[in-house]
Every structure is written in C-alpha cells, then in structure tokens.
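[1] quick one: sequence and predicted model below, then my questions.
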There are 2 protein chains.
Amino acid sequence: MGDAALPKEHILVAFYEDLAPDVLEALRVKFSPVEVSSIALKRGEAIPSELARQVTYIVTFTNLPNPEDAENIKIIHFLSAGLDHSIHHPIFTETTIPLTSSSGVHGPPIAEWTLMNWLVASRKFAYTYEDQKKHIWRGNVDGHLQRIHDQVGKKVGILGYGSIGRQIGRVAQALGMEVHAYTASPRPTPASRHDNGYIVPGTGDKEGTIPVSWHHGTDKASIHEFLSLGLDHLVISLPLTPQTTHLLGAKEFALLAANTRPKHPKPYLTNISRGKVVDQDALIAALESGDLSGAALDVTDPEPLPAEHPLWEAPNVQISPHVSSLGVEYLPRSLDILKVNIGRIENGVDLLNEYKRGKGY
Amino acid sequence: MGDAALPKEHILVAFYEDLAPDVLEALRVKFSPVEVSSIALKRGEAIPSELARQVTYIVTFTNLPNPEDAENIKIIHFLSAGLDHSIHHPIFTETTIPLTSSSGVHGPPIAEWTLMNWLVASRKFAYTYEDQKKHIWRGNVDGHLQRIHDQVGKKVGILGYGSIGRQIGRVAQALGMEVHAYTASPRPTPASRHDNGYIVPGTGDKEGTIPVSWHHGTDKASIHEFLSLGLDHLVISLPLTPQTTHLLGAKEFALLAANTRPKHPKPYLTNISRGKVVDQDALIAALESGDLSGAALDVTDPEPLPAEHPLWEAPNVQISPHVSSLGVEYLPRSLDILKVNIGRIENGVDLLNEYKRGKGY
C-alpha cells in the first residue's frame, strides 16, 4: 500500500511526423485501455527523458530513449523489418529491454509490387497504356503484342526465402509457377522450413511447403548451382551484408542466361532488397546483351538514382523509387505485432519477432 | 482384305493464316505418328472437299467441312471457348461428329491480365512509369503515392465462376483475398462445384474449394443480393446472352457502392466477358461519380472503341483492345485438349470439353 503507483500502460509512437488524428484515434481504440500518444522526432533523435519515463511501450523507426530513462519500458517495437541501423545504441548494448521488429509486414505489398512488374513486362502493358492515352484501339493487328507469354510452368528462384520471398512464392504458385527457395543456412527438416515470425493472416508460406526445392549456402559455388536451375525469374530478397554485397554480377548473370531452358525467354531479375546486392554495371551490360530479358528494381545504387544514370534507359528495366512496401496497411499491421506481444509479455510467453541480442540481425 | 484402306490419321489445322514452320513442326512432333497439315482460310470459309475427305481431325475457329465430306472426321476441335458462332451450321444440325471446345485455355492469361490491372491501379503504377521516362526518382515526398492499399482481406465477387473465374479466384486467394462465386445454376454439393472441363495444369480451382461463399440465380434479385456483399472487386466473367445483356447498370453500380465496407475504396470493376454485359453509359457515370473506384476493361461496346468515345477518358479506367487471352501458349494448350481426346475416342471414353448438341453452349 505504500509502494509508488506503477505507471499506467502507455504506448508512445515516435515517428518522423505527427500521426494523423484519425490514425491516432484508431490506435487508441485498438489498444484500449492502454493509452497511446505520439511525438514527431527527427531521424535518430532521442526520446525526451520526461516522456520516456512516462510510458511503457515505444513504437519507432530510429528514436530511442536513453537507457537511464527506460526502466519502465517493457517493449520497444521497431517499425522496420531490420534493426541494423540501431544495434550500436546503448539500448541494444547496455539494456535487456525486449526489442521487436516489423518483419513480416512487408510480404503482401512487396509481393504485389513484384507481380505487377512481372505482368507489366510479360504482357507488354506499356503498349496498351500508351494507346489508351491516344484513344487507339490497336488489337493485335500489327503484331506488337506477339510473344506475350504467361507464367504457367515458369521457374522462379527466390534468393532469401523470408516473409517477403514466401508471399512471392505463394502468389507464384497460384499462377502455376514452380518455386525454388534459397536460404543462407540449411533447412533440411520440415520444422526448419517453418516461418516462426509474424505473418499477415491469409498470406505467406508458414509451413514452407510451397517450394519444390530448397537450396542453401553462403559460398559462391552454392549460389552458382542455384542460378543454374534453368530459372525464368530470379528474385533477390535477402539482406545486404558484407557477404551479399555485389553477390550478383557478370558471372552470375551469364550463368542464369546460359541455363535458360529452350524456347524460354531469358531470365528476368527482380530486386526488392538493396541496390548494392547487385553489381549494377554488370546488370546494365546483361540487359543490353539480352542475357537478362528484363529487370524490376525497387532499389538502386545509389538512391536516389541520378537523372543521368544509364540504368534509367537500360533495355526492359522497370525502376521504382524504393516504394514497394508502401501502403495504408503498414502501420496497423506493424502494431498488430505489438498488440500480440503486449498479451504475451503479460503471460510470460516468448515474444513474436523478438530481436536476439548478439545474433546481429 | 478387299475393304478400302482406312484413311491415315491426319489432323488438319484450318486457321486464318498459315502456321509458322516451327509451330507446324512442333505439332507434328506432338502428335506423331498422326500427320498434321495446315491451310489458311478466310473466316467462315468451308474446308475444300478433297482436303476434308483426306483427314480425320479438324482444328479450327470457323472453318468447317460440308457434311457430305465429313464421314471420316472423328473430332472437330474448335480453338475458341464458345461455339455459338457456328451452331447453325449443318455440321452441328445434321451430323453427330464430336465437337470440342477450347474452354479452359483462357484461365491463366486472363487471370494475369486481371491481376496486372488491379495492381497497376491500386499501386498507382502510372506515376512511377511516367517518372522513369523522365528519369525522376520521386520517392513518396509529395504524397502522390498516398492511399496505396494492398489486396489482403479484400472481397472479390466473381460473376461466372468458370475456368477463367476460377483462376482469378486462385490468384486472389493467394493474395489474401476472400473469393465469392456466382453461377447461373445452383451448386449446392461438392460434386456440383467441380470443374469437369480442361484445366491448365497447376492452375484453377478444380474442386471448387476456393470460394468462401457460393451464390446463384438468373434473376435480378439474386444478382442484387450478390452485389450487396460488401465487395471490393467485381469480376464479370460470364457469357453474353440475351439474359446477361446490360446485366450491370446504374442500379447495380449504386448497390455495389452503397455496400462498400467502411474505410474501403469503392468497388473496382473488371470486365473480361463482353462489352454489352455492361450498360456502358451507366458505367461512365459510376466512374465519374466515384461510385466505382475504377475499372479494367478488355471489352467494350462497340469494338473497336471509337477514338471520340467518352469511355477512353472516364476516371480510373484501364482499357485494352480485347487481348487479355493472347499468348504463345494458346495454340499448344488448345491442342493438348485434342491430344487427350484422340486417346479417349480410341478407348471409347467421354471426350473432354465436348459440345452437347441442343444445350446451346
């Protein structure tokens, strides 16, 4: 009876802009009776001490409290999938506050972005789009739509079979494609193929049963074997690390091209990871030579891509400005993870998407 | 031993143009030892008597033999899904020669066309496409990509759950959508929901297990009930008949709009059937009023759509010139049906995709 009152449960959203009133109101409904407030802070700016001491949960991209202000904090939930930008912060190195990521939130929008680009390319959407602007009904009379092909029976290799790769695999399978998965570590057993992170309901490949083959390794030989499967599509959905920097270059594109099955278009590259995973000069050369039939790139090196950069005009390339995960569903889904975890921490259950200190990702 | 020699098995492809040499050669390999030849004929032109008498199978869109030349013909295989264009021909009315359709061939390309259009619209592809032409990396700084949403949890109603509707349903389910099926006749039992026609391997919904609800009827009240489900997408994939002409008009678009779920965009219309199923003036009005958030139309009324027609400039409409089924896979897939049936007719088994005379479709 003489103890100090415990702080009321309170979520602070530290964002790069103030949350819109309707968004904040929706969060208050979602988390009631837990309080929710928001603060706009610059990238990397610390959460003010007096505010940090009043709350029990923090939701943020890059804004962290000082450790001495964080003793009431039960969970810090990151709005990003990776936490690499913050791992040297004292909250990571000097506290044991549970840290959770938004891994799993990106699957649906990025899979949709990927599919859109594949189909825009394979079905030559630009022709009908440009014709519509001019009110031209061309049909197929002049053969501009020759050699349209569909995705049935096509082989897609997914480099990095995480939550994004799995949703791409799910949709690819529905289209009639054959999915081949690549992971850094071996996944020899059914249990090792499970996705144990957050999954947007109704999506993904939780059991890992979609791929017709699994491959693994961090060495070039293993990658090269994977690139020799006769792939029609290669999707890059692995994290950028020193090991994956320029993982795909001239040799790899040549291998992809050399193993194309007869009567199939040359492979199509999709990069939704980071620009630097690809040797971009080699990519341009492979597009120009026809070794790659095209590429969909949501990421480039550098970003923004300068206006004079030759990648803009490489043959059959489709570039978007790192927007593949955008969507109104992003924030609510990310906070679904926090909501699950508020329940779990009260019950002493392992958290969803918890960062393991010392494991490095 | 005194009987006349039976004609050698021989497929005649009567097409609107000569088959390319590599295509013809591929067919000879596919059907060996059955012979294959081809003839170019105008639309509706009869197959010359001397040629009809030498062959045992005919593959065509609209070119038929005279009945008196057809006594050796075992199957006439149509390259179209519907045979309505030919049902008054004496081959239909005066012979019992088995007639088969290419129903089932159109699912994958048309589902891909549908998905592409949905995603181009929902992800605002035109912005990045136009920016790329100008070498502009805009990111999302000026908010032009606000309100992008994905398809997870969206409800799609498929009017006409045939082979095309089923493949759309399959991909929609993979995206995380909820599929609602509508058919003319009731499908109360599992068996009644099966697709018994040709299905491109690895695609479709053979068992009919994808929809979360099934609806039926040919009366307005049944259609209106379906349109009141709170649909985000309505796909029209039913045949044009006197009953379906102008099936969707002002009243129906208003119903769709009025039943939109809170915080959801207004419904998006996809028509891959025939233009006349829709009251096109009412469609333009619904797009202009915002009752429909957009429309993907591969068919219009009339076709070609005249350059001065207001539909070209209706808000958020995407028009293509009746090309959604195009693809290099079309002919080989259609002939897969014939190949199966050559085996079946030799064994006295019911044919795949056989037209039932007197049933009218």
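    Arrived safely, thanks for sending.

[2] report the contact partners of A:Arg147.
    Contacts for A:Arg147 were tallied using C-beta atoms under 8 Å, 6 or more residues apart in numbering or on different chains; they are B:Val328. C-beta here means a position set from N, CA and C on the backbone, and glycine is covered the same way.

[3] cool, and A:Pro321?
    A:Pro321 neighbours (C-beta under 8 Å, 6+ apart): A:298, A:303-305, B:128, B:131, B:137-140.

[4] what's the farthest-apart pair in those residues?
    Pairwise distances among the contacts of A:Pro321 were taken by C-beta to C-beta; the largest, 15.3 Å, belongs to A:Leu305 and B:Asn140.

[5] who's more crowded, the two?
    A:Leu305 (22 against 14; other C-beta atoms under 10 Å in any protein chain shown).

[6] is it correct that the more buried one is in contact with A:Ile319?
    Yes - taking C-beta atoms under 8 Å as the definition, A:Leu305 is a contact partner of A:Ile319 at 6.8 Å.

[7] which residues are in contact with each of those two?
    Listed as contacting both A:Leu305 and A:Ile319 by C-beta under 8 Å, 6+ apart are A:311-312.

[8] doesn't A:Gln167 belong to a strand?
    No - per DSSP: H, G, I helix; E, B strand; the rest coil, A:Gln167 lies outside any strand segment and is helix.

[9] burial measure for it, as a count.
    Using other C-beta under 10 Å, A:Gln167 has 30 neighbouring residues.

[10] you'd agree it is up against A:Val105?
    No - contact between A:Gln167 and A:Val105 fails when scored by C-beta under 8 Å: they sit 10.9 Å apart.

[11] what residues does the stretch 251-361 of chain A have near chain B?
    Contacts of the stretch 251-361 of chain A with chain B, taken as C-beta under 8 Å from any C-beta of the partner chain, map to A:303-305, A:307-309, A:312, A:318-323, A:326-329.

[12] what is the mean pLDDT for stretch A:240-255?
    For stretch A:240-255, mean pLDDT is 95.

[13] and the contacts of it?
    Contacts to stretch A:240-255, defined as C-beta under 8 Å, 6+ apart, come from residues A:159, A:218, A:223-224, A:227-228, A:234, A:236, A:238, A:269, A:273-274, A:276-279, A:282-283, A:285-286, A:291-292.

[14] report the buried members of those.
    With burial judged by 16 or more other C-beta atoms under 10 Å in any protein chain shown, the buried subset of these is A:159, A:223, A:227, A:234, A:236, A:238, A:269, A:273-274, A:276-279, A:282-283, A:285-286, A:291-292.

[15] show me these that map onto helices.
    Residues from those lying in helices, with DSSP state H as the criterion: A:223, A:227, A:282-283, A:285-286.

[16] can you list the residues you listed in JSON lines and add pLDDT?
    Shown next, in JSON lines, are these (pLDDT from 0 to 100):
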{"residue": "A:Ile223", "pLDDT": "98"}
{"residue": "A:Leu227", "pLDDT": "98"}
{"residue": "A:Ala282", "pLDDT": "98"}
{"residue": "A:Leu283", "pLDDT": "98"}
{"residue": "A:Ala285", "pLDDT": "98"}
{"residue": "A:Ala286", "pLDDT": "98"}
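
[17] and which of those is nearest chain B?
    For these, the closest approach to chain B (C-beta to the nearest C-beta) belongs to A:Leu283, at 15.6 Å.

[18] quick one on the thing from earlier: between A:Gln167 and A:Val105, which contacts overlap?
    Listed as contacting both A:Gln167 and A:Val105 by C-beta under 8 Å, 6+ apart are A:Val200.

[19] in contact with A:Thr114, which residues?
    A:Thr114 touches A:168, A:235, A:270, A:272, A:296, A:324, counting by C-beta under 8 Å, 6+ apart.

[20] closest to chain B out of these?
    Checking these against chain B with C-beta to the nearest C-beta, the nearest one is A:Ser324 at 8.6 Å.

[21] so A:Ser324 touches A:Ile272, yeah?
    Yes - using C-beta under 8 Å, A:Ser324 makes contact with A:Ile272 at a distance of 5.4 Å.

[22] which residues are common contacts for those two?
    Contact criterion C-beta under 8 Å, 6+ apart; residues shared by A:Ser324 and A:Ile272: A:110, A:113-114, A:298.

[23] can you tell me how far A:Ala174 sits from A:Leu115?
    Going from A:Ala174 to A:Leu115 by C-beta to C-beta, to the nearest Å gives 10 Å.

[24] ok, the two, which is more surrounded?
    The residue with more neighbours, out of A:Ala174 and A:Leu115, is A:Leu115; 28 against 24, by other C-beta under 10 Å.

[25] leaving out chain neighbours, which residue sits closest to that one?
    The shortest distance from A:Leu115 to any non-neighbouring residue, by C-beta to C-beta, 6 or more residues apart in numbering or on different chains, is to A:Val171 (5.6 Å).

[26] for A:Thr60, same thing?
    A:Thr60 sits nearest to A:Ala14 (C-beta to C-beta, 6+ apart), 4.3 Å away.

[27] can you give me the strands in chain A?
    Taking DSSP state E, the strands of chain A run over residues A:10-15, A:35-40, A:57-60, A:75-78, A:99-100, A:155-159, A:178-183, A:213-216, A:233-236, A:268-271, A:294-297, A:317-319.

[28] what is the burial count for the residue nearest to A:Thr60?
    Number of residues near A:Ala14 (other C-beta under 10 Å) recorded here: 26.

[29] hmm, it is touching A:Ile47, no?
    Yes - if you go by C-beta under 8 Å, A:Ala14 and A:Ile47 touch, sitting 5.6 Å apart.

[30] so what sits against both of those two?
    Joint contacts of A:Ala14 and A:Ile47 (C-beta under 8 Å, 6+ apart) are A:39, A:41, A:58, A:60, A:63.

[31] neighbour-wise, give me the winner out of those.
    The most neighbours of any of the shared contacts of A:Ala14 and A:Ile47, using other C-beta under 10 Å, belong to A:Ile58, which has 27 neighbours.

[32] look up how far chain B lies from A:Pro186.
    With distances taken as C-beta to the nearest C-beta, to the nearest Å, A:Pro186 is found 27 Å from chain B.

[33] oops, could you answer that again for A:Asn196 instead?
    A:Asn196 sits 20 Å away from chain B when distances are taken as C-beta to the nearest C-beta.

[34] then A:Ala20?
    11 Å.

[35] how about A:Ala258?
    Note on A:Ala258: its distance to chain B, by C-beta to the nearest C-beta, is 22 Å.

[36] equivalent analysis for A:Ala14, please.
    Distance, A:Ala14 to chain B, using C-beta to the nearest C-beta: 20 Å.

[37] re earlier: now which of the residues of the stretch 251-361 of chain A next to chain B would you call buried?
    By neighbour count, with 16+ other C-beta under 10 Å, those hold A:305, A:309, A:312, A:318-323, A:326-327, A:329 as buried.

[38] I'd like those as a markdown table, with pLDDT appended.
    Putting those into a markdown table (pLDDT from 0 to 100) gives the following:
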| residue | pLDDT |
| --- | --- |
| A:Leu305 | 98 |
| A:His309 | 98 |
| A:Trp312 | 98 |
| A:Gln318 | 98 |
| A:Ile319 | 98 |
| A:Ser320 | 97 |
| A:Pro321 | 95 |
| A:His322 | 94 |
| A:Val323 | 94 |
| A:Leu326 | 90 |
| A:Gly327 | 91 |
| A:Glu329 | 93 |
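
[39] and these, which two are furthest apart?
    The span of those, defined through C-beta to C-beta, is set by A:His309 and A:Glu329 at 31.9 Å.
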